[in-house]
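*Asks:* take this sequence and fold it.
(one chain, ligands or ions: 1)
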Amino acid sequence: MLVVAAALIDAEGRVLMARRPAGKQHAGLWEFPGGKVEPGEAPKAALVRELREELGVEIDPDALDPVAFSESLGERHLVLLLYRCRSWRGEPRALDAAEIRWVAAGDLTALDMPPADGPLAAALAAEC
Ligand SMILES: Nc1nc2c([nH]c(=O)n2[C@H]2C[C@H](O)[C@@H](COP(=O)(O)OP(=O)(O)OP(=O)(O)O)O2)c(=O)[nH]1
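*Replies:* Okay, here's the model as predicted:
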């Protein structure tokens with residue numbers, strides 16, 4: 001399963017994190033907004049679509065820069081691609097998540113996250 005996710009970074013260098021809603025796998029854990037790439041879909045196009053659906057923001061695919069990827073061998077083999085984004089249109093809203101929060105880069109690794117996210121948060125924090 002290929003999953004794309006974004007670190008939206010604001011002017012203060014904080015990262016937007018989303019808490020997974022009840023009833024879903026990893027409920028209550030903090031994740032980077034994003035979702036599954038559909039068959040035949042380009043990764044960046046999938047991420048633009050997911051951020052529109054989940055946060056109500058519009059993003060130019062050219063504003064997405066790859067940061068790192070990680071893999072997790074759970075029930076399903078997951079490959080998670082993380083992109084960085086510093087510009088978008090609209091104010092992010094929690095349309096899908098239980099909650100969204102701006103988090104200082106240095107505080108990211110303290111959040112409870114799905115297993116695949118830890119290495120990505122560390123890579124992002126090291127660059128910010
Ligand atoms: N969006 C996102 N998903 C992540 C992260 N880390 C991680 O393990 N995942 C997993 C959780 C899910 O199994 C999958 C993303 O799928 P999703 O959020 O589109 O779909 P879902 O299973 O929650 O719900 P559904 O669309 O199948 O109903 O990737 C992350 O940082 N962001």
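
*Asks:* need the longest helix for the protein.
*Replies:* helix 43-55 (DSSP state H).

*Asks:* partner residues bridging the residue of the chain found nearest the ligand?
*Replies:* The minimum distance from the chain to the ligand, using C-beta to the nearest ligand atom, falls at G35 (2.9 Å). In this view, the C-beta of every residue, glycine as well, is placed from N, C-alpha and C. Applying DSSP bridges to G35 gives these bridge partners: V4.

*Asks:* follow-up on the earlier one: list the buried residues of the longest helix of the chain.
*Replies:* Using 16 or more other C-beta atoms under 10 Å as the test for burial, helix 43-55 gives P43, K44, A46, L47, V48, R49, E50, L51, E54, L55.

*Asks:* the residue of the chain closest to the ligand - how many residues pack around it?
*Replies:* 17 (other C-beta atoms under 10 Å).

*Asks:* quick check: it vs R49, distance?
*Replies:* 8 Å (C-beta to C-beta, to the nearest Å).

*Asks:* so what's the residue nearest to the spatial centre of the chain up against?
*Replies:* Centroid-nearest residue in the chain, with C-alpha atoms, centre = their mean: F32, separated by 2.3 Å. Applying C-beta atoms under 8 Å, 6 or more residues apart in numbering to F32 gives the contacts A5, A6, A7, V15, M17, A18, L82, D117, L120.

*Asks:* among those, which ones are in strands?
*Replies:* A5, A6, A7, V15, M17, A18, L82 (DSSP state E).

*Asks:* with respect to R76, which of the residues you listed is nearest?
*Replies:* A5 (16.0 Å; C-beta to C-beta).

*Asks:* so how many other residues sit close to the nearest residue to the closest one once chain neighbours are set aside?
*Replies:* Nearest residue to A5, sequence neighbours excluded (C-beta to C-beta, 6 or more residues apart in numbering): G34, at 3.2 Å. Burial measure for G34: 24 neighbouring residues, criterion other C-beta under 10 Å.
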